[in-house]
Each structure stands twice: as C-alpha cells, then as structure tokens.
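In: Could you work out the structure for the sequence below:
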Amino acid sequence: MNEKLKFNFWRDLSNEVKNRLKGLEYTIPSDLDLSSGATQNFSDRVRAEKLLKHFCSITLRRIPAINYEVHFSGLVESEREKLSRCEAFKNAFINGMDVNHLISNKAKSVKQFKKENLDLMRSEWGIYHLHFAAERTADLLFVYICGDNAYFLDILPHGQDADEIDLWCNKHLVEVIHSNWPEIIKQFVYQV
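Out: Here you go, the predicted structure:
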C-alpha cells in the first residue's frame, strides 16, 4: 500500500487560530472582515496569514492573568479617592485574576486593523487602559506592565473634549513612568 499522507499546513493553521479564538470567546472574522472592504476569495495561505495577524493583535492586547507585584505612582498614592478606586484592581492583579473584560471593547473587534480599532497607547508605549466596570466607565485606570510588575500610573477621564488632554497621544503617562520608576524605561531614554 503506497498511500501518501495529505495535509494542508495553511488550512490547519487557520483552523488552529479559529479554535484558539473560540477558546478566548472572540468572534472569528470572515474573509470580508479580514479584507480591506471588498469581498475576496483568499488562498489558504493568505487567509491563514491574515487570521494569524488578527490573532496576534488580539492576544497582544490582553493582560496575562498572572500574579503581579503592584506599584502605585505618586499621583495615585497622593489622592485617597484614586487609591481607593484602585484597590479592587490591586487585588485582582496580585491574585492573578483575569481583568481582560475591562479592557477596550475594540480588542474584540473582527476588524483589528481599522484605524479606529487600534490601541495606540498599548502598541506604542505598552500602556493598558482599564474601565472600572464591564459596562464601561467615564474614567480609566492606566497601567504599565513589565514582567510580573504592574505599575498603576493614573486615573484619567475617557473623554476627548477640546480642553482635555488627548489620552491616546500624550506624553503625560510616559512622564509618570519616568518620574516614578525611571529604571524600568531607561533603555528607551536617548542618551546624548
């Protein structure tokens, strides 16, 4: 008997990514979701590549559920109300609880690469933002994670009124990291 084993790596990879998305309770994107708007029939390889990029984008936005050592910035420690509001998060992080239901709803979008779905603070600076409830809240807790350390930076309003700081492209949070824990970002500081 001379039968050859047949397999399709790209289709198998697509199926594995889909199974992992299901396991995370994320919607599996269609070919239309993965395309730039026009319906396309992707080859198995192209579909697998797009699904894998989608999966990586989603999983990189998640906060690993591990036990963290929690650190508060001076901005959080100096205000009793901020410190109090951070207590539930502190306990969740210390005990390795999953807080990903409190990150941006856009993290579950099937169109990860549309401009309005990108999380630029996370992508550029590694800073996560968390809502105080699953229903979404006006205020956000900003957290920088480095290994098994969670640095609670500040609580800021979500809005973008003309008089407010644009949260998604300001340097305030990076300055908070630098002024409180310069050693954790020293590799990013340009030396003259």
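In: Okay, now the unreliable bits of the chain?
Out: 1-2, 36-40, 110, 112-118, 159-170 (pLDDT under 70).
In: Spatially central residue for it, please.
Out: Residue closest to the average C-alpha location in the chain (CA atoms, centre = their mean): Arg61, at 2.1 Å.
In: Against Ser104, how distant is that one?
Out: Distance, Arg61 to Ser104, by CB to CB, to the nearest Å: 7 Å. Every C-beta, even on glycine, is put in place using the N, C-alpha and C of the backbone.
In: wait, isn't the residue nearest to the centre of the chain in contact with Lys108?
Out: No: using CB atoms under 8 Å, Arg61 is not in contact with Lys108; the gap is 9.3 Å.
In: Now do the same contact list for Ile63.
Out: Val99, Asn100, Ile103, Tyr128, Val143, Ile145 (CB atoms under 8 Å, 6 or more residues apart in numbering).
In: count of neighbours near the third one?
Out: Meaning Ile103. 18 (other CB atoms under 10 Å).
In: My guess is it contacts Arg62. True?
Out: Yes: Ile103 lies in contact with Arg62 (CB under 8 Å); the separation is 7.3 Å.
In: Enumerate the positions of the lengthiest helix in the chain that are buried.
Out: Identified as the longest helix of the chain according to DSSP state H is helix 44-61. Within helix 44-61, the residues scored as buried using 16 or more other CB atoms under 10 Å are Arg47, Ala48, Glu49, Lys50, Leu51, His54, Phe55, Ser57, Ile58, Arg61.
In: Cheers, nothing more for now.
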